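# turn this into a structure:
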Amino acid sequence: MPGGRLTQQERQQIALGLGDGLPYAEIARRIDRPTSTVTREVMRNGGPTAYRADLAHRATERRAHRRRQAAPRAEAPPQAHGRDPEAVRAYEETLTTVFMQSGTPQMMARVMACLTISDTGSLTASELVERLQVSPASVSKAVAFLESQDLVRRERGERRRDRYVVDDEVMYQGMMASARSTAQVAETARQGVDVLGPGTPAATRLENTARFLEFVSESLVRAADQAREVLHTKPAAVPGDDGRPGPDD
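This next block holds a predicted model:
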């Protein structure tokens, strides 16, 4: 399997595959690349509907040029718990891509992934700027969006510095926010029934949409409430994880 950066020809193959409606896995197979490579390439360059091979290639060259001109970064501190830095970096990119595929804008997805994989689950704005190599304004905008979705909360830390936190409750709060948003769409759809006239094709469509979304919203709330305790439960210990031999050793 080839390594290194994608070539312009490979990007053209990706564009052709997207145009044919092929899944990322099939496109990756055709160019002999990992599926994650194709997914990240597409999501970084406009998404499946706006991807253009020539624009993506020029954008990659510009990013590489900026990195070469930038001052060298300070040496990264050793990873905790004996982690492989390259594996952690690759996983962070994968997690960012998954967040983007779920509808989270790129910068917000990068901040969310960075917070999620930190052991503390919290970072200051300056720490996020340093880790992501972006501007303070970009971090501020991303955090404001994540706060509005109840995915991040703000805490006042030492020296009056705000810390941005993802904790055990973040996924629960995110699901509840999603349920509220879905319920609001359902209510708005119902309002349209009277405006468009009950029994008309458009009103019927809105009525069915409202019923569907109400069911989804209520089911999401019930499921989140029932599963909430999972977020506070430690995974079962695997024999041998504490350094002692398991029964089969």
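# in this protein, which ranges drop under the pLDDT threshold?
Residue ranges of the chain with pLDDT under 70: 1-3, 63-79, 157, 236-249.
# so who does residue 36 touch?
93, 94, 97 (Cβ atoms under 8 Å, 6 or more residues apart in numbering). Using the backbone N, CA and C atoms, a C-beta is placed for each residue, glycine as well.
# so how far is residue 214 from it?
Counting by Cβ to Cβ, to the nearest Å, the gap from residue 36 to residue 214 is 37 Å.
# within the helices and strands, which one has the most centrally placed residue in the chain?
Centroid-nearest residue in the chain, with Cα atoms, centre = their mean: residue 99, separated by 1.6 Å. Assessed by DSSP states H and E, residue 99 sits inside helix 85-101.
# thinking again about what came up before, of the contacts of residue 36, closest to residue 132?
Distance to residue 132, by Cβ to Cβ, is smallest for residue 93 among those, at 11.7 Å.
# report how many residues lie close to the closest residue to the closest one other than its chain neighbours.
The shortest distance from residue 93 to any non-neighbouring residue, by Cβ to Cβ, 6 or more residues apart in numbering, is to residue 40 (6.0 Å). Neighbourhood size, residue 40 [other Cβ atoms under 10 Å]: 19.
# ok, residue 6 next?
Neighbours around residue 6, by other Cβ under 10 Å: 20.
# so which strand or helix has the closest residue to it other than its chain neighbours?
Residue nearest to residue 6 in three dimensions, not counting chain neighbours: residue 41, with 6.1 Å by Cβ to Cβ, 6+ apart. Per DSSP H and E: residue 41 is located in helix 35-44.
# what's the local residue count around residue 185?
Residues lying near residue 185 (other Cβ under 10 Å) number 15.
# that one and residue 209: what is the separation?
Distance of residue 185 to residue 209, computed by Cβ to Cβ: 8 Å.
# who touches both of the two?
Counting by Cβ under 8 Å, 6+ apart, nothing touches both residue 185 and residue 209.
# before we move on, back to that, can you name the next helix or strand after the helix holding residue 99?
Immediately after helix 85-101, counting by DSSP H and E, sits helix 106-116.
# residues in contact with stretch 153-168: which ones?
111-112, 115-116, 121-126, 128, 143, 146-147, 151-152, 170, 231-232.
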